[in-house]
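Engineer: Here is the input, now give the coordinates:
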Amino acid sequence: MNRHIKNPFQQTCFLTSAANLDQCPPEEGWEVAFAGRSNAGKSSAINAITQQKKLAKTSKTPGRTQLINFFDVNPDQRRLVDLPGYGYAKVPLAQKRKWEVFIDDYLRHRKSLCGLFLIMDIRHPLTDFDQSILRWTRECELPTHILLTKADKLKFGPAKSTKLKVEQALKGSQLISVQLFSGVDLTGVEQARAKLADWLELIPQEKPD
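Structural biologist: So this is what the prediction gives:
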């Protein structure tokens with residue numbers, strides 16, 4: 001009988017939204033946050049990894065995620081966290097600063113945070129905003145996994161070359177890893193899922209074919 005690994009994130013469900021740290025769930029267990037520039041494909045990545053089309057809200061209008069959204073993973077006390085997208089030019093400056101302070105507070109003070117998935121559009125990697133996040137994760141020694149999203153927009157050769165350039169730019173950072181990803185053709189979805197499960201200490205379960 002053939003056996004397949006069950007997706008440990010398939011039962012993930014929305015838990016709550018928070019406008020500040022006081023509204024966040026109790027700091028019990030572990031959580032992994034997803035951060036990225038607006039319209040880089042952050043919500044689509046969460047949906048692809050969990051195999052749920054509408055878990056994280058996607059929009060053609062960047063900047064729609066304005067709160068920190070928490071998702072409960074089965075088993076309890078394991079969470080995915082969708083942070084507000086940053087850096088979108090059309091968002092009013094006051095709102096942009098508010099989001100950046102909010103994200104900074106969360107990353108610096110959330111004790112249950114065990115890792116960060118940093119989402120970058122493969123066509124525009126390592127923006128100033130990305131670099132600022134990476135400087136902080138290095139200082140705090142927070143494991144960071146970069147998803148170069150929308151890899152389907154490039155042919156395999158250029159996509160692989162971009163990945164290599166990002167890795168070279170970050171060489172010497174032992175806690176930072178990089179992979180290609182596409183929620184459209186599912187490139188790298190299982191790799192990202194395995195990384196996430198490892199960080200959250202989820203044991204893969206087999207299911208009969």
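Engineer: Specify the beta-bridge partners of the spatially most central residue of the chain.
Structural biologist: Geometric centre of the chain, nearest residue: Phe34, 2.6 Å, by CA atoms, centre = their mean. On the basis of DSSP bridges, Phe34 is bridged to Asp82, Phe117.
Engineer: doesn't Ala48 make contact with it?
Structural biologist: No: Phe34 lies out of contact with Ala48 (CB atoms under 8 Å); the separation is 11.6 Å. Where C-beta positions appear, they are placed from N, C-alpha and C, glycine not excepted.
Engineer: Arg97: helix or strand, and which one exactly?
Structural biologist: Using DSSP states H and E, Arg97 falls within helix 93-109.
Engineer: other SSEs contacting that helix?
Structural biologist: Applying 3 or more CB pairs under 8 Å, 6 or more residues apart in numbering; DSSP states H and E, one finds that helix 93-109 contacts strand 30-36, strand 113-121, helix 128-140.
Engineer: run the last query once more with 7 Å
Structural biologist: The contact analysis (3 or more CB pairs under 7 Å, 6 or more residues apart in numbering; DSSP states H and E) places helix 93-109 against no helix or strand.
Engineer: got a list of what the residue nearest to the centre of the chain touches?
Structural biologist: 42, 45-46, 80-83, 117, 119 (CB atoms under 7 Å, 6 or more residues apart in numbering).
Engineer: can you rerun that using 10 Å?
Structural biologist: Going by CB atoms under 10 Å, 6 or more residues apart in numbering, Phe34 touches 42-43, 45-46, 49, 56, 65, 69, 71, 80-83, 85, 116-119, 145, 147, 196.
Engineer: again with Thr187
Structural biologist: Thr187 sits in contact with 48, 148-152, 156, 159, 179-181, where contact means CB under 10 Å, 6+ apart.
Engineer: in stretch 151-169, what's buried?
Structural biologist: In terms of neighbour count (16 or more other CB atoms under 10 Å), stretch 151-169 has its buried residues at 151-152, 154, 159, 162-163, 166.
Engineer: Parallel or antiparallel, list what pairs with whatever helix or strand Phe14 lives in.
Structural biologist: Per DSSP H and E, Phe14 falls inside strand 13-18. Its sheet considered, strand 13-18 pairs with strand 68-73 (antiparallel) by DSSP bridges.
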